[in-house]
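**Student:** Need the 3D shape of this:
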Amino acid sequence: MRLICAMLPFTLLAGVACAADYPSIPEPMIFDMVRPLGAERGELEVNVLAQTGSPFGAGETEWAPEIEYAFAKGHAIEFELPFDGRRLAAYKLGLQSLLGVSTDGRTAHGVQYLGIYHRDTGRYSNTLLYLAGLRFNARWSTMNMIGLDDISLGSGAGRNGLLLNHALFYDARADTILGAELNVAGGAERSVKLSPQIHRRVSHAANVQFSLGVEKLRAHRARPTAGLRVIREF
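**Tutor:** Residues are numbered from 1 along each chain as shown. The predicted model follows:
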């Protein structure tokens, strides 16, 4: 029933028409999208993201394989398995819909829902985000997300935390994109993370992304972070 209720708004949105072609805007590496907002029906992607609190702390690695599928133009679904080391920590469902594209084809916006079942506590959490992307020119673009994490009608500690993700990209070459991603999470985590990154397309259907950055968690000192995402499209 939870899944049906979550998917209903996206099923209704599947009939929304786009005013123009979707602008070419990269996806953020750390806070991943469920395919680009303008995904074509039938697109399929498999990827895995690995992150560590230190380039020298492999024992702290968090990693997550996922599969993404566009079931209609501009509408996609994702299944993800987040691991903490060797331990499967959660089950994650993502839904995303394109809401519209500007008439000049430079901007686009959409909505993303994330539902997570936490295996250690046996509880569900829900996240809802608004997405807005802009192509400035042939080189520069940005993708921004803002929303609420662990949504609740009540006011429990750590609930309804602000989520903000800003990513700025520079198309250095046809196969290379440079970027910087800033993530701010409120709620129980209260973290800030900055992730300079490089996206490298190694073939028509394969992409490798790498980041080195810094993260500050509540009641902890700032620490270096490293990330790697490997992507295969079908």
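**Student:** Contact partners for the most centrally placed residue in the chain?
**Tutor:** Nearest residue to the geometric centre of the chain (C-alpha atoms, centre = their mean): residue 32, 2.1 Å. Neighbouring residues of residue 32 by C-beta atoms under 8 Å, 6 or more residues apart in numbering: 47, 49, 66, 229. Yep, even glycine has a C-beta here, placed from its N, CA and C like the rest.
**Student:** Switch these over to a markdown table; also include neighbour count, pLDDT and secondary structure.
**Tutor:** What follows is the contacts of residue 32, written out as a markdown table (neighbours: other C-beta atoms under 10 Å; pLDDT from 0 to 100; DSSP: H, G, I helix; E, B strand; the rest coil):
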| residue | neighbour count | pLDDT | secondary structure |
| --- | --- | --- | --- |
| 47 | 20 | 98 | strand |
| 49 | 21 | 97 | strand |
| 66 | 18 | 98 | strand |
| 229 | 22 | 98 | strand |
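**Student:** In JSON lines: the residues you listed, plus distance to residue 223.
**Tutor:** Listed next are the contacts of residue 32 as JSON lines, based on distance: C-beta to C-beta, whole Å:
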{"residue": "47", "distance to residue 223": "25"}
{"residue": "49", "distance to residue 223": "18"}
{"residue": "66", "distance to residue 223": "25"}
{"residue": "229", "distance to residue 223": "20"}
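**Student:** now for those residues, which pair is the farthest apart?
**Tutor:** For those, the maximum inter-member distance is 10.1 Å, found between 66 and 229 (C-beta to C-beta).
**Student:** Find residues that contact each of those two.
**Tutor:** Listed as contacting both residue 66 and residue 229 by C-beta under 8 Å, 6+ apart are 32, 47-49.
**Student:** Would you mind stating the distance between residue 123 and residue 213?
**Tutor:** The gap separating residue 123 from residue 213 is 30 Å, by C-beta to C-beta, to the nearest Å.
**Student:** Who has more neighbours out of these two?
**Tutor:** Per other C-beta atoms under 10 Å, whichever of residue 123 and residue 213 has more neighbours is residue 213, with 19 against 10.
**Student:** quick one: the more buried one and residue 196 touch, right?
**Tutor:** Yes. Using C-beta atoms under 8 Å, residue 213 is in contact with residue 196, at 5.9 Å.
**Student:** low-scoring stretches of this structure, by residue?
**Tutor:** Applying pLDDT under 70 to the chain flags the ranges 1-20, 54-59, 155-158, 188.
**Student:** ok, 50 please
**Tutor:** Residues of the chain meeting the criterion pLDDT under 50: 1-19.
**Student:** Now do the strands in it.
**Tutor:** For the chain, the strands defined by DSSP state E occupy 44-52, 62-72, 75-80, 83-84, 87-88, 90-101, 107-118, 123-135, 140-149, 161-173, 176-185, 191-201, 206-216, 223-233.
**Student:** Need those in JSON lines (columns: distance to residue 22).
**Tutor:** Converted to JSON lines, these look like this (distance: least, C-beta to C-beta, whole Å):
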{"stretch": "strand 44-52", "distance to residue 22": "16"}
{"stretch": "strand 62-72", "distance to residue 22": "12"}
{"stretch": "strand 75-80", "distance to residue 22": "12"}
{"stretch": "strand 83-84", "distance to residue 22": "32"}
{"stretch": "strand 87-88", "distance to residue 22": "34"}
{"stretch": "strand 90-101", "distance to residue 22": "6"}
{"stretch": "strand 107-118", "distance to residue 22": "6"}
{"stretch": "strand 123-135", "distance to residue 22": "9"}
{"stretch": "strand 140-149", "distance to residue 22": "12"}
{"stretch": "strand 161-173", "distance to residue 22": "15"}
{"stretch": "strand 176-185", "distance to residue 22": "17"}
{"stretch": "strand 191-201", "distance to residue 22": "18"}
{"stretch": "strand 206-216", "distance to residue 22": "18"}
{"stretch": "strand 223-233", "distance to residue 22": "16"}
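**Student:** Brilliant, that's me finished.
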